[in-house]
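Asks: quick one: sequence plus predicted model below, questions after.
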Amino acid sequence: MKYSQIDKQLFELNRQNFTKRLPKSSIAIFQSGDEFPRSGDQPFTFKQNPDLFYLSGIDQEQSILILFPDCPNPIYREVLFLRQTNEHIAVWEGHKLTIQEAKTVSGIENIFWLSDFWSILHSIINYADNIYLNTNENDRYVHEVPYRDIRFIEKLKNLYPLHRYERSALILRDLRPIKSDIEIALTQKACDITNDAFRRVLKFVKPGVAEYEIEAEIIHEFIRQRATGHAYNPIIASGKNANILHYNDNNQICKDGEVILFDFGAEYANYNADLSRSVPVNGRFTKRQKDVYNSVLHIMNEAKKMLLAGTVWNDYHVEVGKIVENELIKLGLLDKHDVAKQDSKMPLYKKYFMHGTSHHLGLDVHDFASRYKSFEVGNILTCEPGIYIQSEGLGIRLENDILITKDGNIDLMANIPIEAEEIEEIMNS
């Protein structure tokens, strides 16, 4: 991996917090992420299962973790299985973790090669009543491909049909949103790299530059600073493209007088940043562009004040909607009399602001968390209001990453330029 080694205390603490929630006589098994074919003999770049990484720090394919705190044989209460390397693998794929290296990374003492997995599992699994297994329960995801977790579950149930099967995701959905100090530091590192990339492109943007050229500047800065790469497909949307919420073509020329909407973030050590900014191609906003921009900035600043422990997700979004309405009325996009008569289930502001204001952030960009649970100390959430005016070919979105603390919140992107005047000053310096 490009990133510096993470303190193993993070993963030791995560395992302790997870096993504390297991009922007696329970075994939990976690699989690494799948290896997917890209084309011919080419695989996609491997991406680790975030839950296995959260509990072990292992960032290598074909790895398995067993947690069985009540196992009668203490050797197998915490076990990691790794793919054993050989000369062929070393030549064609490069270095793989040794057992000692995996101990250093994970803090797990008992590590075996993957070839021993089924024999060791069979020797202990019948001493457990409950088997906790993992699937992707992120409610933004619907799977059609039977990925590794699904295949493993089918095999295990055929071999051991009389055990009681339970879902590890119910535990992890409570644990993962609350970030430890180490996780906050890793996220801050991703945000800092993203800051440098944004400042770099502010100096680079000018009329005639292509969206893909800007994308190239961003990934250059990310890789230069040991980020894995993009946290998600970057959006470099100039002019009317900014009204396409997930625009990824990034193939147009940026024209004089247009505004570019950026949405990108670095991934560092599997933790993600998520930034949105909107900048004028020629370095100066028009009055209309700046008015819309400042309305979005006002919405963001007011929304950030509500990102506090105890805030209820739905109530938060309703209140943000009211602020958006007021700004749209000021901009002449909505009529206050029409707003007064609107159907509350289909508010008029949705024509100009059609997505949510916040989502959890962590090992996943849309991190695994409950949307029905109040915000808590240790949550990191985005704050990303926008106004999209298709008739004007103008879309503005601003987004920072916010950590909820016991005293309020901290903006992890507070050092990234956001005031319209500061952006203009940097672009013209």
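Replies: Ah, there it is.
Asks: doesn't L403 make contact with F375?
Replies: No - F375 is not in contact with L403 according to Cβ atoms under 8 Å; the separation is 10.9 Å. Glycine gets a C-beta too; all of them are placed from N, C-alpha and C.
Asks: quick one: which of the two has more around it?
Replies: When F375 and L403 are compared for neighbours, F375 comes out ahead with 23 against 20, by other Cβ atoms under 10 Å.
Asks: what sits against the more buried one?
Replies: For F375, the contact set (Cβ atoms under 8 Å, 6 or more residues apart in numbering) comprises L307, L308, A309, G310, T311, W313, Y316, L381, I404.
Asks: and these, which are buried?
Replies: Among the contacts of F375, those classed as buried by 16 or more other Cβ atoms under 10 Å are L307, L308, A309, T311, W313, Y316, L381, I404.
Asks: what is the nearest of those to D7?
Replies: Ranked by distance to D7 (Cβ to Cβ), these are led by I404 at 22.8 Å.
Asks: want to throw the buried ones among the contacts of F375 into JSON lines with secondary structure?
Replies: Formatted as JSON lines, the buried ones among the contacts of F375 follow (DSSP: H, G, I helix; E, B strand; the rest coil):
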{"residue": "L307", "secondary structure": "coil"}
{"residue": "L308", "secondary structure": "coil"}
{"residue": "A309", "secondary structure": "coil"}
{"residue": "T311", "secondary structure": "coil"}
{"residue": "W313", "secondary structure": "helix"}
{"residue": "Y316", "secondary structure": "helix"}
{"residue": "L381", "secondary structure": "strand"}
{"residue": "I404", "secondary structure": "strand"}
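Asks: hmm, which of those is lowest in pLDDT?
Replies: Looking at the buried ones among the contacts of F375 by pLDDT, the weakest one is W313, with 93.
Asks: that one: what's it in contact with?
Replies: W313 touches R371, Y372, K373, S374, F375, counting by Cβ under 8 Å, 6+ apart.
Asks: residue boundaries of the helices in the protein?
Replies: Here the chain has its helices, by DSSP state H, at 9-20, 50-56, 87-92, 99-106, 117-125, 148-159, 169-175, 181-204, 211-224, 287-305, 313-330, 336-340, 420-427.
Asks: show me which residues of the longest one are buried.
Replies: Of the residues in helix 181-204, those scored as buried under the neighbour-count criterion (16+ other Cβ under 10 Å) are 182-184, 186-195, 197-198, 201-202.
Asks: could you do stretch 269-276 as well?
Replies: By neighbour count on 16+ other Cβ under 10 Å, the buried set for stretch 269-276 is A269, N270, Y271, N272, A273, D274, L275, S276.
Asks: next, give me the two most distant ones among the residues you listed.
Replies: A269 and S276 (22.4 Å).
Asks: picking up where we left off before, give me the subset of the buried residues of stretch 269-276 lying in strands.
Replies: Y271, N272, L275, S276 (DSSP state E).
Asks: just put those residues in TSV and tack on distance to Q60 and pLDDT.
Replies: Output for those, formatted as TSV (distance: Cβ to Cβ, whole Å; pLDDT from 0 to 100):
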residue	distance to Q60	pLDDT
Y271	18	98
N272	20	98
L275	29	98
S276	33	98
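Asks: just give me the closest of these to H360.
Replies: Of those, the one sitting nearest to H360 (Cβ to Cβ) turns out to be N272, at 10.7 Å.
Asks: look up how far N138 lies from the closest residue to the closest one other than its chain neighbours.
Replies: The spatial neighbour of N272 that comes closest, neighbours along the chain excluded (Cβ to Cβ, 6 or more residues apart in numbering), is A231 at 3.8 Å. For A231, the distance to N138 (Cβ to Cβ, to the nearest Å) stands at 15 Å.
Asks: the more surrounded of the two?
Replies: Per other Cβ under 10 Å, whichever of A231 and N138 has more neighbours is A231, with 24 against 15.
Asks: that one reaches N270, doesn't it?
Replies: No - between A231 and N270 there is no contact under Cβ under 8 Å: 9.7 Å.
Asks: show the contacting residues for D338.
Replies: So D338 contacts L348 (Cβ under 8 Å, 6+ apart).
Asks: still on that earlier bit, between the ones in strands among the buried residues of stretch 269-276, which is closest to Q252?
Replies: Distances from Q252 to those, taken by Cβ to Cβ, are shortest for S276, at 18.3 Å.
Asks: just give me the neighbour total for the spatially closest residue to that closest one that is not a sequence neighbour.
Replies: Closest residue to S276 in three dimensions, ignoring its sequence neighbours and counting by Cβ to Cβ, 6+ apart: E399, at 3.4 Å. By other Cβ under 10 Å, 23 other residues sit near E399.
Asks: same question, the one 10 residues further on
Replies: Other residues near N409 come to 21 when the count uses other Cβ under 10 Å.
Asks: that one pairs with what?
Replies: I404 (DSSP bridges).
Asks: quick thing: my sequence starts at 12, can you match it?
Replies: Sure, I'll start counting at 12 from here, so that last one is N420.
Asks: relative to I271, how far out is it?
Replies: Distance, N420 to I271, by Cβ to Cβ: 28 Å.
Asks: likewise for W324?
Replies: Counting by Cβ to Cβ, the gap from W324 to I271 is 31 Å.
Asks: also G44?
Replies: For G44, the distance to I271 - Cβ to Cβ - is 33 Å.
Asks: pLDDT weak spots in this structure?
Replies: Within the chain, no range satisfies pLDDT under 70.
Asks: what sits against the residue most central in space within it?
Replies: The centre of the chain sits closest to V376, judged by Cα atoms, centre = their mean, with a distance of 1.5 Å. V376 makes contacts with A242, Y243, G276, N283, D285, H370, as judged by Cβ under 8 Å, 6+ apart.
Asks: output the buried residues of stretch 280-287 in a markdown table, with distance to R162 appended to each entry.
Replies: A markdown table is the format used below for the buried residues of stretch 280-287 (distance: Cβ to Cβ, whole Å):
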| residue | distance to R162 |
| --- | --- |
| A280 | 28 |
| N281 | 23 |
| Y282 | 28 |
| N283 | 27 |
| A284 | 33 |
| D285 | 31 |
| L286 | 36 |
| S287 | 37 |
